[in-house]
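**Student:** Here's a sequence, model it:
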Amino acid sequence: MEIDRAGVAQFLRGRRSALQPEDVGLPRGLRRRTDGLRREEVAALSHMSTDYYARIERERGPQPSEQMVASIAQGLHLSLPERDHLFRLAGHTPPTRGAVGDHIGPGLLRIFDRLHDTPAEIVTELGETLRQTALGVALTGDQSGRTGPSRSIGYRWFADPASRNLYAPEDHAHLTRTWVSGLREVATLRGPDSRAARLAATLLQESDEFRTVWERHEVGVRPAETKRFVHPDLGRLELSCQTLVDPLQSHFLLVYTAVPGSPSHEKLQLLPALGTRTSTTPGP
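**Tutor:** Purely as a prediction, here's the structure:
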């Protein structure tokens, strides 16, 4: 497929002008004159240079790759129909929709962008972290840049023993049953050719512990209402996890809070001072 450079440029300019800073979690500022977002803001949201993005809007430069188009679609908070339209304009076949996709819906992103003062993350049904707030990274470490099977917290739980250090030891046995039960349910729902089924097959080969629990055929095991973390700087935290579901993409927005006045609530107030950290421990 050939790229429609004029179509891509016009579509991007239209979507950029329709968005306001507050729509994507950015401050407006006092001297703002631009109608919509600035090019440099879209470039930052899309994780690319301003020059690269500007050339696309000016109908110049090479054909953007599928990865670049996906990044722009996410940065502009496009809906799935809009994302697919942009892919076709750019000369690419749109990605498959549904549970295998990483494109976060604009509604979920609008909520996420407003959670500046709360640990939160967006994950897939396989426990792959797609996005974290700054306080989410401070709580669990940066989990969004992983690749391959290790993107899944369930895989890391069995493949990397150190990944369990983030959780209270007395919860490990129940969490083990939770990950196995959840993966069995998703693999059955999505079918034998799904990513979930392939992940299960990989763990059956690599982990004796996973294989032992898998053979119990448990389903319906759910996490406890209170999640007990062991933070490397703050120590033990007991947090409630509220979940918002996007059923179209099977994505989950997880928001972590503590009871006001509790020791865990006081510790959460210290997270901004710690800043973000890079960690090999899993996201919750």
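
**Student:** In the protein, what residue spans correspond to strands?
**Tutor:** 120-124, 129-132, 226-231, 235-246, 251-257 (DSSP state E).

**Student:** Single out the most deeply packed of these.
**Tutor:** strand 120-124 (a mean of 24; mean count of other Cβ atoms under 10 Å). To be clear about C-beta, it is placed using only N, CA and C from the backbone, and glycine gets the same treatment.

**Student:** got CSV for the strands of the chain, with distance to Arg83 too?
**Tutor:** Output for the strands of the chain, formatted as CSV (distance: least, Cβ to Cβ, whole Å):
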stretch, distance to Arg83
strand 120-124, 16
strand 129-132, 15
strand 226-231, 33
strand 235-246, 14
strand 251-257, 14
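
**Student:** out of those, nearest to Asp35?
**Tutor:** Nearest to Asp35 among these is strand 129-132; the distance by Cβ to Cβ comes to 27.2 Å.

**Student:** other SSEs contacting that closest one?
**Tutor:** Counting contacts by 3 or more Cβ pairs under 8 Å, 6 or more residues apart in numbering; DSSP states H and E, strand 129-132 is packed against strand 120-124.

**Student:** For the closest residue to Thr133 other than its chain neighbours, give me the pLDDT.
**Tutor:** In this structure, Thr133 finds its nearest non-sequential neighbour in Ala120, 4.7 Å apart by Cβ to Cβ, 6 or more residues apart in numbering. Note for Ala120: predicted pLDDT of 97.

**Student:** Check Pro284 too.
**Tutor:** pLDDT at Pro284 comes out at 35.

**Student:** Next: Leu30.
**Tutor:** 68.

**Student:** Of the strands of the chain, which is nearest Thr178?
**Tutor:** Using Cβ to Cβ, the strands of the chain put strand 226-231 closest to Thr178, at 11.1 Å.

**Student:** Now do the closest one and strand 235-246, the angle between them.
**Tutor:** Here the directions of strand 226-231 and strand 235-246 differ by 130 degrees (axes from the mean of the first three to the mean of the last three Cα atoms, to 10 degrees).

**Student:** for strand 226-231, packing partners?
**Tutor:** Using 3+ Cβ pairs under 8 Å, 6+ apart: strand 226-231 touches helix 134-140, strand 235-246.

**Student:** which residues are contacting it?
**Tutor:** Strand 226-231 is contacted by residues 139-140, 165-168, 170-171, 236-241, 256, 267, 284 when judged by Cβ atoms under 8 Å, 6 or more residues apart in numbering.

**Student:** go on, stretch 262-269?
**Tutor:** Contacts for stretch 262-269 (Cβ under 8 Å, 6+ apart): Pro119, Leu135, His231, Leu234, Gly235, Arg236, Leu237, Glu238, Leu239, Thr257, Ala258, Val259.

**Student:** same thing but 7 Å
**Tutor:** Applying Cβ atoms under 7 Å, 6 or more residues apart in numbering, the contact partners of stretch 262-269 are Leu234, Leu237, Glu238, Leu239, Ala258, Val259.

**Student:** That concludes my questions; thank you for your assistance.
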